[in-house]
Structures are given as structure tokens and as C-alpha cells.
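Student: Could you look at this predicted model? Sequence included:
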Amino acid sequence: MRKNDSLKHKSALDFEFPKEIKILHKILDCVEFLKQLPDNSIQLICIDPPYNLKLAEWDIYKDYIGWASKWIDEAYRVLSQNGNMIVFGGIQFRDTKSGDLFDIIQYIRHYTKFKLINTIIWHYKNGISAQRFFANRHEEIIWLAKTENYYFDLDSVRVPYSEKDLKNALKDKRLNPENTRKGKNPTNVWEVGRLNGNSKERVGHPTQKPVELIARLVKSLSYPGAVVLDFFAGSGTVGRVCINEGRHCLMCDSDKKSLEYFDKHLLAMKELGQSTSYKAIENIDDFFV
Ligand SMILES: C[S@@+](CC[C@H](N)C(=O)[O-])C[C@H]1O[C@@H](n2cnc3c(N)ncnc32)[C@H](O)[C@@H]1O
């Protein structure tokens, strides 16, 4: 592990892929789980919380922000000084009793010391149609950090220019040619298809997120060998990406089906010829040794 202030200017190239990836996957309430984690121990928290949409039994809360504030405060405590936190959400929910990302942002702005670094628009072309309003084609992702020294590896997620665009960009005096050759900043509007019901990537979880989306976050906001946490793990998409990208991962979900879904992710990885080698850790103390 490096000194806090030096991480700010590092990229994936400064780290080695770990020889063994540690994965801990617990079935537990998120707040109980978070309380067991040491202060400042996590590099990236990547969560996709329930929002009272009544999508399933786990998605019903009477006092949404009263409940969410407990895990938001714990997340702040466990995040490292260079750490990042990602929260998926939407702002399209109609029922005023639902929680949404606006409520979370409001709480974070007024009651925590988190810094809001970016709001990313996840745009997709596939979705349900509508007749009485404009059909929704985006969700939001907020990126929070504990300090201004957050780790950010833009180079790991740059988008290559086409040959023609690269020639033109290299003529543009406002752009740094060295960075231009590495590719474009993907901006904060990302077009990634949602997983349709019949998508090959689906493992059965109703709100499973695409690997491509999570991979961009894990690569840019954590480094090889870092500790990533998802305490609303669902199918374990974050864990899958961590195995691919050489990050250690702590996952927790209150629903025991999470373990079955994760097994299906592992099977899908094998079918794609990807390595599924990791060390399963049972206890939090053993994870941090
Ligand atoms: C929106 S889903 C996450 C889906 C995940 N991103 C994926 O790609 O599969 C939210 C998850 O939070 C879990 N959950 C709900 N309340 C919880 C709680 N209090 N503690 C831990 N997990 C909880 C649900 O079981 C559900 O799997």
C-alpha cells in the first residue's frame, strides 16, 4: 500500500496485478456488515442501492433517507482518504414516498463531508416505450470522494479516436498531443446498453448491471490490488469485474440468492475463457491481513 498523498498521481501502470485475488461474499444486512469494517480501509465503494420501487421484497422502506443515512455515514467512515464512492440511481421515480438519487444527494450535501466529483449519465438506447411521457433512456451514477486526493486513472478508460479524428485532433493546438494519442476522455455521458431479459450476460437478478459499465468505474477509480466494496451486491457484478481486473472485493447482500447469482457469473466467465481464480475469504479479519 502506498502513502495517501502519492496515490493521487498514480495510474494502473504503477501497480502489479495481485498474485491472488481475495473475495469475501457475505449474506448480511449492509449496516451490520459495514460496522465490522475498519476505518479508511476501502479504495472504492460501488453500490446500486434499493430505491423503494417495490421491485422486490428487498425494495420497500418506510423512511428511506432515515435508513439510507445509516449506510451513507458508515460508507464515509470506511472509505480511504484517496477513496471513491459510486452510487447508482435514478431521478425518474414518480411516487414521492420512493427514495431516489436526489434524496441521497440532498443528504450527502447537507449532512456529510463527501465531495461530489461527477454525475454520470448512463444512457441506453433500449428501454420500455411510453405514451404519456418521454420514454426514459438514462439513469444516473454519482461519484463521491472523501478528499481532493482521490485516485483517478483516466488513461485506463480513454476511448480511442478513429484514424481520421486522431489526425484532426493532433492538429488542434488546444489539445496535448501526448494525451490525444492515448484517446479521448469518455465524458460524463456513457452509452452502454441495458441488459435485456434475454441478454447473454443475465444471471437472473432483476436489476443486474452491465459488466462494461462496472468495469469502467473499477478501472478508473481503483488500482490493481485495491480493495473494492459493494454492500448491495445483488448478483455480484462488481465481484466479477474485480476478478477480471485484479482488485480484491468485499460483497454483501441481505438475500442469500446473491450467492447463486454469483456462481452463475463465474460460470459465464468460464464460458468466455476468463480466469475465475480467487481466494474465498470467510472472515473480515482474514481479509485485511
Ligand atoms: C439494485 S440491487 C443490486 C444489483 C447489482 N448491482 C447487480 O449488478 O446485480 C440491490 C440489492 O440490494 C440488496 N439489499 C436490499 N436491502 C439490503 C440490506 N439492507 N442490506 C444488504 N443488501 C440489501 C437486495 O437484495 C438487492 O440484491
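Tutor: Good, I have the coordinates. Numbers count the residues shown, from 1 in each chain.

Student: Now do the same contact list for the residue in the stretch 151-289 of the chain that the ligand sits nearest to.
Tutor: Going by CB to the nearest ligand atom, the ligand is nearest to residue 234 of the stretch 151-289 of the chain, at 2.4 Å. In short, each C-beta sits where N, CA and C put it, glycine included. Residues in contact with residue 234 (CB atoms under 8 Å, 6 or more residues apart in numbering) are 48, 205, 207-209, 253, 258, 261.

Student: for the strand of greatest length in the chain, packing partners?
Tutor: Counting residues, the longest strand found in the chain (DSSP state E) is strand 79-89. Contacts defined by 3 or more CB pairs under 8 Å, 6 or more residues apart in numbering; DSSP states H and E place strand 79-89 against helix 4-7, strand 42-47, helix 101-111, strand 138-145, helix 211-221.

Student: Compare the mean pLDDT across those and name the weakest.
Tutor: Sorting the helices and strands packed on strand 79-89 by mean pLDDT places helix 4-7 lowest, at a mean of 67.

Student: what's the helix or strand for residue 74?
Tutor: Assigned by DSSP states H and E, residue 74 falls within helix 64-78.

Student: Could you tell me how far that helix lies from the centre of the chain?
Tutor: 17 Å (CA atoms, centre = their mean, to the nearest Å).

Student: tell me the pLDDT at residue 8?
Tutor: With respect to pLDDT, residue 8 scores 87.

Student: May I see the helices and strands packed on strand 79-89 organised as TSV, with distance to the ligand and mean neighbour count added?
Tutor: Below are those laid out as TSV (distance: least, CB to the nearest ligand atom, whole Å; neighbours: other CB atoms under 10 Å):
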stretch	distance to the ligand	mean neighbour count
helix 4-7	26	14
strand 42-47	8	25
helix 101-111	13	16
strand 138-145	11	20
helix 211-221	7	21
